[in-house]
Every structure is written in C-alpha cells, then in structure tokens.
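>>> here's a sequence, model it:
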Amino acid sequence: MKEEKHEDKLLKVLRTIAPGTLLREGLDNILRAQTGGLIVLGDTPEVMKITEGGFYVNADYTPANLYELAKMDGAIILSSDAKKILMVNAQLVPDQNIPSSETGIRHRSAERAAKQTDTMVIAISQRRGVITICKGNLKYVLSVLAVILAKANQAIQTLEKYRSVMNKVLVGLSILEFEDAVTLYDVAKAIQRTDMVLRVAKEIERYTSELGVEGRLITMQMEELMVNVKEQGLLVIQDYATVTGDKSPLSILGVIGSWPAEDLLDLSLITRALGYPGSTSILDQHVSPRGYRFLEKIPRLPLPVIDNLVKTFGTLNKVLKASIEELDDVEGIGEVRARSIKEGLRRYHEQLLQQERHG
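So this is what the prediction gives:
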C-alpha cells in the first residue's frame, strides 16, 4: 500500500504543475530565461522555521510576476494553492544532516527542505534546463513533453492490445462457464489479464498527469478503453474467491495489483490470493462460478435480486438449469422477471458464441 500512496502523491504533484496551469507557465518562463529558480509551495510553520531573510510581498500570483521575481537570488515562497506570492529572495536553511543525492546548492536545498517540511519544493536548473520537483521523500525530474507524449502514445497502443486479449480471455471464460467446464487456470488467466490492463492504464495516468492539457486526447482514448475493465475483474473475483467473507473483491484485486510484474506471471499465486492452496496442480481444479458476472449482464436486474439468486442457487449452473417456476420462487422475482432472466441468459450465450466465431 505504501507504493500506492507514493503513486497517488506523484500524480497529485504532477497535476499541480502540468501544462495548462498558471504555475507551469511561470516555470516554463523561468526555464526559457535560464535564470534558474527555487520555489516553495506553502508558508507552513515548518517552512518558515527554515527560512531566513527575504522580503514579504504578498502579491497575486501571475506567470509574469514569478518570472520577474526569479531574477533575484534565493527562494520564492508561494501559498499552497499557488495563488499568492508571499516571499521572495528568501534563504532556505534546512537541516544539513538530512541526506541528499544532489550536488548543486539549489537542488540540495530543495531536496532537504522538501524532506524536512513535507512541502512541495521546485528547483529549476540554470544550466541543465530541467525542472525537479521534491515533496517529502519524493523526487521527480520533469521530462520533455515530446518524449512523454511519444511514450503515452506507445502505452495507448499497448493498452489496446492488452484490452483485446483480455476481452478474448473473458469470452472464453464465459463460454466455459456455460458448459460448467471452468478450471482455476481459466479464472487466474482472466484476473491476470485484467490486472495487466489496469497496470498499463496506471502508467498512462502518470503520463497524462504530466502532460496536462497536452494529454487530453490520450485521456479520452484511455477512458474509452478502460470502460468496465475493473468492474469485470471484480466480478470474476466475486464469482470464484473462497475468501470473499474475509476480504472484499476490491481488496483482493488491490493485493494482486501491488505485486511485482514477475509475480503476476505465476498463476498459482493468483489462485492463492483467491483463497485456494498455492500448488501448481491446483490450476487444474474444476470450479463453478457463483454467477454474479453473468447475471450482471441481464438488463434491469437489481443487485439485491442478483444476491438473492446466488444465495438461493449457489452456482451459475443451477441458475441456468432452473425452471421459470423455480426462479419465480426467489424473493424479488416474479414470473415476468423470471422469463426475462431466462431470455437474457439465452441471448448472452448466443452473443458469446458469435463473438468466439468472429474473434
């Protein structure tokens, strides 16, 4: 979970200084002028404790103002929302015992100040022409936009391929579910493919956060490709996990998502996360779905009714074999809804077979 918090913090930082924001416009002006700069976001007591000298200006923030004031030496202290320029020409004196991997005075001060105050500190290099963001133990060097855009486009192509493979795996799983011929290998493969798609999407989210307004088209493509991905993965887990009483499908998916990439390749580890023994031979074990994912496909079927169906019949296979009268006996289902369930399941089966033929 620590890694996830680190990623969330990075995304928040990147959005704060993304292209299209007034803060980024000011930073780019300083970068082009090659004056260098040291900017602190926030005048917390911790920041003021390590600040010496400088002038209080309390002026409205504009990119032009930031650019002009950066011509002076020392740090510029902004309000935490970057709407006010509070101090200029200030000297940051962080604890010298805080470790820093930087060699330049400006960047070393930025890294130490960020670690000591947990405030965002931005160092703009005068000679190298790079912007370094520090916040707490996080340090990130902004890349050239053209490079990020190229990486984002490549990642979108990867996402399209992964989503296509995931769809085929889920169609195959659904057909096996109709035939009651599912093994844990099929289940683990479906969850593995879902998580791979989610990982690529997380990578793209970092790119789009850094691209800001320049990444709008990438964001639109990603949103279209990610429709129902996570929901389908959660429903697969809900259908097959044996530990659903102890852990929610969301927490199980979160655990799998936190693994290193090489662990994701081991399908037996995925079955262990679902609550099964972790041996390799377990992948051949026959399992029956509860039916949540299938029943969710039926239009206008409320979740409480789906829960009642699963509690009554236990498995999807028994729901499929149930007569209209047996379905009618379930709480929340009348004869009309019972017929629509039978018809909906039949149509979905036909649709799956068509997808398999054309896939």
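>>> hey, let's count contacts and neighbours off CA atoms from now on
Will do.
>>> isn't residue 153 right up against residue 218?
Yes: with contact defined as C-alpha atoms under 8 Å, residue 153 reaches residue 218; the gap is 7.2 Å.
>>> got the domain ranges for the chain?
Per automatic domain parsing, the domain ranges recorded for the chain read 2-142, 144-289, 290-349.
>>> what's the mean pLDDT across the first one?
In this model, domain 2-142 carries a mean pLDDT of 91.
>>> could you do the shortest one as well?
Averaged over domain 290-349, pLDDT sits at 91.
>>> what is the longest helix of the protein by residue count?
helix 145-178 (DSSP state H).
>>> could you check the pLDDT of residue 168?
94.
>>> just want the most central residue of the chain.
residue 202 (4.1 Å; C-alpha atoms, centre = their mean).
>>> distance of it relative to residue 248?
Counting by C-alpha to C-alpha, to the nearest Å, the gap from residue 202 to residue 248 is 21 Å.
>>> other residues contacting stretch 156-168?
For stretch 156-168, the external contacting residues (C-alpha atoms under 8 Å, 6 or more residues apart in numbering) are 190, 193-194, 196-197, 200-201, 204, 218, 221-222, 225, 356, 359.
>>> now do the residue lying closest to residue 355 once chain neighbours are set aside: how many residues are near it, please.
The shortest distance from residue 355 to any non-neighbouring residue, by C-alpha to C-alpha, 6 or more residues apart in numbering, is to residue 171 (7.5 Å). Counted by other C-alpha atoms under 10 Å, the residues lying close to residue 171 total 19.
>>> again with residue 176
Burial of residue 176 is recorded as 15 neighbouring residues (other C-alpha under 10 Å).
>>> go on, residue 261?
If you count neighbours by other C-alpha under 10 Å, residue 261 ends up with 12.
>>> from residue 196, how far off is it?
Per C-alpha to C-alpha, residue 261 is found 9 Å from residue 196.
>>> again, but for residue 135
In terms of C-alpha to C-alpha, residue 135 sits 29 Å off from residue 196.
>>> now do the strands in the stretch 101-250 of the chain.
Applying DSSP state E, counting those that start in this stretch to the stretch 101-250 of the chain gives strands spanning 120-124, 131-135, 138-141.
>>> tell me which of those sits most buried.
Neighbour counts (mean count of other C-alpha atoms under 10 Å) averaged over each of these peak at strand 120-124, with a mean of 26.
>>> how about the CA coordinates for that strand, as CSV?
Presented in CSV, the C-alpha positions along strand 120-124 are these (Å, rounded to 0.1, in the frame of the first residue of the first chain):
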residue,chain,number,x,y,z
MET,A,120,6.5,20.8,-2.5
VAL,A,121,9.7,22.5,-3.5
ILE,A,122,10.6,23.1,-7.1
ALA,A,123,14.2,23.6,-8.3
ILE,A,124,14.8,24.9,-11.8
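>>> quick one, it and strand 131-135 angle?
160 degrees (axes from the mean of the first three to the mean of the last three C-alpha atoms, to 10 degrees).
>>> please name every helix or strand in contact with strand 120-124.
Other elements packing on strand 120-124 under the criterion 3 or more C-alpha pairs under 8 Å, 6 or more residues apart in numbering; DSSP states H and E are helix 22-33, strand 37-41, helix 105-117, strand 131-135.
>>> mind running it again at 6 Å?
With contacts defined as 3 or more C-alpha pairs under 6 Å, 6 or more residues apart in numbering; DSSP states H and E, the packing partners of strand 120-124 are strand 37-41, helix 105-117, strand 131-135.
>>> could these go into a markdown table alongside distance to residue 347?
Formatted as a markdown table, those follow (distance: least, C-alpha to C-alpha, whole Å):
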| stretch | distance to residue 347 |
| --- | --- |
| strand 37-41 | 57 |
| helix 105-117 | 59 |
| strand 131-135 | 54 |
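>>> where in the stretch 151-300 of the chain is pLDDT low?
244-245 (pLDDT under 70).
>>> and the helices in it?
For the stretch 151-300 of the chain, the helices defined by DSSP state H, counting those that start in this stretch occupy 184-211, 216-225, 229-240, 249-257, 261-264, 267-273, 292-295.
>>> looking at these, which is nearest to residue 41?
For residue 41, the closest of the helices of the stretch 151-300 of the chain is helix 184-211, at 18.0 Å, according to C-alpha to C-alpha.
>>> tell me the helices and strands packed up against the closest one.
Partner elements for helix 184-211 (3+ C-alpha pairs under 6 Å, 6+ apart): helix 2-16, helix 145-178.
>>> in its sheet, what does the strand or helix carrying residue 88 sit against?
Secondary structure from DSSP states H and E places residue 88 in strand 84-92. If you go by DSSP bridges, strand 84-92 pairs up with strand 51-52 (antiparallel), strand 55-60 (antiparallel), strand 75-78 (antiparallel).
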